[in-house]
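Visitor: Structure, please.
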Amino acid sequence: MNPRSDRIDEILASEPVGSCAGHRVGSSREGRPILAFRRGAGRRRISLLGGCHADEPVGPRLLRHFVSYLTSLPHDDVLLRNYEWWLVPQINPDGEARNRTWYDEHDAVFDLVRYLAGVVREAPGDDIEFGFPREPSDDAVRPENRAVYDWWCGARGPFVLHVSLHGMGFAAGPWFLIDAAWRDRSDLLQQSCLAKVTDLGYVPHDVDRRGEKGFVRLGRGFCTRPQSAAMQRHFQTRGDSETAAKFRPNSMETVRALGGDPLTLVTEMPLFITPGVGERLGPPDPVAEEWKRTVDRWRAHVRGDGDPEVVRAEAREMGLRPMPVRDHMILQWTLITAGLEQIERGLASPSR
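Guide: Take a look at the predicted model:
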């Protein structure tokens, strides 16, 4: 039995770590603490990061459970003996505070109307995921990015795995983003994640963006992760050099720059399932485009003081459904453990 993948029930049963626990590595723009946790004494160093986007609350929720779970384990447990965990459950506490109008930590699913009425997300330039220093002396970054970057730089060696836990508002199903350097070394990872997606009854999200922003399709449900240089090129080709200049390295590129050959991954779990998307591989995907128009109309209706029950009834009729938070966290944990298994199996070591 895999000593990691069978633990999700125990992890989710652990009381989430409190807001006063952890090592304060810095402060947010508004003075909230950036808390980091290091657990374990193993030689394999793992980084897990949550909250980079303000409107994606599930990653921080899983990591708060996981910190408590690790803290409860005996020192000789394999998770602590084999690994050194570097965890930042919430790098964006200001964004989290602004989004608390539409969810709390006990929600089993998220309410569509509350989400549409209250969701807030940072624009490029304030995007924490793409806000890490271009070089050690780059001090024009957000304090959240500087705090975590400096903490990572204190590691005694390179990381072997970094996972940034993200989500999407609307999609056909789960989507997993993989380091391009590992695209031909991720067979086990993809098999494990696809099996769990199928077991939970979901259809993987699918899109072929043909390299736009760094997204290269690897198969249904899998894509390479975004890259800052590709993001910059995307906006430059659109004649928007101002926006292009706002993109700094993301957390995945930053961890790779610290040395070694870490596998860097991103989870993308939808808050709401949009049936029919991806049946015709896009873009353009006419079903996805119709869903976008519908969601924009719902948002305008809700924010214009329209009757929320009209939106709820139409959403039910169209087959929109929220993805249970528990399933989000199960799939995030699946990607983390599948990444560890891929590394440990050494099925395709990097060429030298």
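
Visitor: alpha carbons only for contacts and neighbour counts from here, please
Guide: Will do.

Visitor: Tell me the confidence at Pro350?
Guide: What the model reports for Pro350 is a pLDDT of 44.

Visitor: do the same with Arg248
Guide: At Arg248, pLDDT is 97.

Visitor: Does it touch Met231 like I think?
Guide: No - Arg248 is beyond contact range of Met231, at 9.4 Å (criterion: C-alpha atoms under 8 Å).

Visitor: who's more crowded, those two?
Guide: More crowded of Arg248 and Met231, by other C-alpha atoms under 10 Å: Arg248, with 26 against 21.

Visitor: Show me what counts as buried in stretch 332-351.
Guide: For stretch 332-351, the neighbour count (16 or more other C-alpha atoms under 10 Å) marks Gln332, Trp333, Thr334, Leu335, Ile336, Thr337, Ala338, Gly339, Leu340, Glu341, Gln342, Ile343 as buried.

Visitor: So which residues of this structure form strands?
Guide: For the chain, the strands defined by DSSP state E cover 23-27, 33-39, 44-50, 83-88, 161-171, 175-178, 217-219, 222-224, 263-273, 321-322.

Visitor: any chance of those in a markdown table, plus mean pLDDT, mean neighbour count and distance to Tyr115?
Guide: Formatted as a markdown table, these follow (pLDDT from 0 to 100; neighbours: other C-alpha atoms under 10 Å; distance: least, C-alpha to C-alpha, whole Å):
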| stretch | mean pLDDT | mean neighbour count | distance to Tyr115 |
| --- | --- | --- | --- |
| strand 23-27 | 96 | 17 | 27 |
| strand 33-39 | 97 | 20 | 25 |
| strand 44-50 | 97 | 22 | 19 |
| strand 83-88 | 98 | 22 | 25 |
| strand 161-171 | 98 | 24 | 9 |
| strand 175-178 | 98 | 26 | 21 |
| strand 217-219 | 96 | 17 | 29 |
| strand 222-224 | 98 | 24 | 26 |
| strand 263-273 | 98 | 25 | 9 |
| strand 321-322 | 98 | 18 | 11 |
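
Visitor: which one is Ile128 nearest to, not counting chain neighbours?
Guide: Leaving aside its sequence neighbours, Ile128 sits nearest to Cys52 (C-alpha to C-alpha, 6 or more residues apart in numbering; 5.2 Å).

Visitor: so what's Arg217 up against?
Guide: By C-alpha atoms under 8 Å, 6 or more residues apart in numbering, the contact set of Arg217 is Val207, Asp208, Arg209, Arg210, Gly211, Cys223, Thr224.

Visitor: Which of those sits closest to Gly167?
Guide: Cys223 (14.5 Å; C-alpha to C-alpha).

Visitor: tell me the contacts of that closest one?
Guide: Counted by C-alpha under 8 Å, 6+ apart, Cys223 has contacts Trp175, Phe176, Leu177, Ile178, Phe215, Val216, Arg217.

Visitor: biggest separation within those, which pair?
Guide: Checking those with C-alpha to C-alpha, the most distant pair is Trp175 and Val216, at 12.6 Å.

Visitor: can you give me the helices in the protein?
Guide: Per DSSP state H, the chain carries helices over the ranges 8-13, 58-72, 78-81, 93-98, 112-118, 143-153, 187-199, 228-237, 241-244, 251-257, 286-303, 308-318, 325-345.

Visitor: Point out the other helices and strands that the last one packs with.
Guide: Counting contacts by 3 or more C-alpha pairs under 8 Å, 6 or more residues apart in numbering; DSSP states H and E, helix 325-345 packs against helix 58-72, strand 161-171, helix 187-199, strand 263-273.

Visitor: ok, now which ones touch the residue lying closest to Val109 once chain neighbours are set aside?
Guide: Of all residues not flanking Val109 in the chain, Pro324 sits nearest, at 4.8 Å (C-alpha to C-alpha, 6+ apart). Applying C-alpha under 8 Å, 6+ apart to Pro324 gives the contacts Ala108, Val109, Phe110, Leu271.
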